[in-house]
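> following is a predicted model, sequence given first.
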Amino acid sequence: MYTRREFILLAASGALVACKTNQRVDMKHINQIESDYRYPVFAVPGRDALNAWEVLRSKHANSAWPIVVGSREDFKILREGIEYGLSRPPSEIVSAASDLSFPAGFKQHKIQESERLWEEMQSDPNAKAFLEAVGLEKSEYPSIEDIMGTWPEEPIDESQITELSIAIDWETEEPMDEVLLTLIPTSDWTQIPAFLDYGGWNDCPSAEWHIAALRHWTEEYECELVGLSYDSMNIRTAKRPTSRTRALELALEQYYYCGDIIEQGVGEISVLAQILKSSNWWDFWWD
């Protein structure tokens, strides 16, 4: 069994065979299941998840956008988070996103949030005593030099890159027996975080920041949101960064957006940049 970090590192090195299939599916193979969820829910074998997503996207192109949400247990956790916290209408979140600047504004936002959290803990005697007892000092983002690393010498074997990690069983490294998809009632996929009020917990950005980031990236790389589970996001792009410089800039943008892809993932900006230059799939997760 691999950890997510080991899985990503193996994929980056070309040592892990990707989950891919040439099997095609159509609507008769996509089983709509009974559910009290506000949006339609479908079930397919994990190996067919991407094909099923493409079929649903084509069928509902002008009215809704499908997302792969993982296993039934994954979906249950996603629903619990959404239904517990859903208090803002999507239109309000979408409007708020229009006032945000990504990536420059988001980087500053993250730094300010870190400062605010530290000050709150310092003003709480119990929290301050705990920090002192375990020897934790004020956390700051590492310098770019500390996490930049060097460009990997070996190229990535593109045939080995995992396409849709949300459909993978991390214990078996194989496609799940079953995954669920749901249809979100918008033709603009960048608004999906608003319909789910997704984020705002742990280090996961709030919904409006997700929208700002996704709008920025889709303009440059023609992105599509394919998978969104309770803690992960899979994006497919039509374009890749064409230069090493732009790949490094994109990797830095993604690091501030989702620090775990470096800190618990590939470890260095340069490694992530090489993957971004070699793959049409982006994988984010927030533990």
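It's in. Numbering: from 1, shown residues only.

> what is the mean pLDDT for stretch 226-238?
Averaged over stretch 226-238, pLDDT sits at 96.

> how far off centre is that stretch?
Averaging C-alpha positions (CA atoms, centre = their mean, to the nearest Å) puts stretch 226-238 5 Å from its chain's average.

> so what touches it?
49-50, 53, 67-70, 74-75, 77-78, 81, 163-167, 192, 196, 198, 204, 214, 217, 221-225, 280-287 (CB atoms under 8 Å, 6 or more residues apart in numbering). (Each C-beta comes from the backbone N, C-alpha and C, glycine too.)

> looking at the protein, which residue lies furthest from center?
Note on the chain: the largest C-alpha distance from the chain mean falls to Pro125, namely 35.8 Å (CA atoms, centre = their mean).

> secondary structure element for the residue nearest the centre of the chain?
Computing the C-alpha centroid of the chain and ranking residues by CA atoms, centre = their mean puts Met233 first, at 2.5 Å. Assigned by DSSP states H and E, Met233 belongs to strand 232-237.

> quick one: strands adjacent to that strand?
In its sheet, strand 232-237 lies beside strand 223-228 (antiparallel), strand 281-285 (antiparallel), with partners assigned from DSSP bridges.

> and these: which comes nearest Trp151?
strand 281-285 (19.1 Å; CB to CB).

> grab the nearest non-local neighbour of Val44.
In space, and not counting its chain neighbours, Val44 is closest to Ala52: 4.4 Å by CB to CB, 6 or more residues apart in numbering.

> can I assume that neighbour sits in a helix?
Yes: secondary structure of Ala52 (DSSP: H, G, I helix; E, B strand; the rest coil): part of a helix.

> quick one: neighbours of it, just the number.
The local packing count at Ala52 equals 24, with neighbours defined by other CB atoms under 10 Å.

> and for Glu163?
Counted with other CB under 10 Å, the burial measure for Glu163 works out to 20 neighbours.

> assess the claim that it and Ala49 are in contact.
No: the pair Glu163 and Ala49 does not pass the contact test of CB atoms under 8 Å, sitting 9.3 Å apart.

> picking up where we left off before, which one, of the strands paired with strand 232-237, ends up nearest to Thr245?
Relative to Thr245, the nearest member of the strands paired with strand 232-237 by CB to CB is strand 281-285, separated by 18.6 Å.
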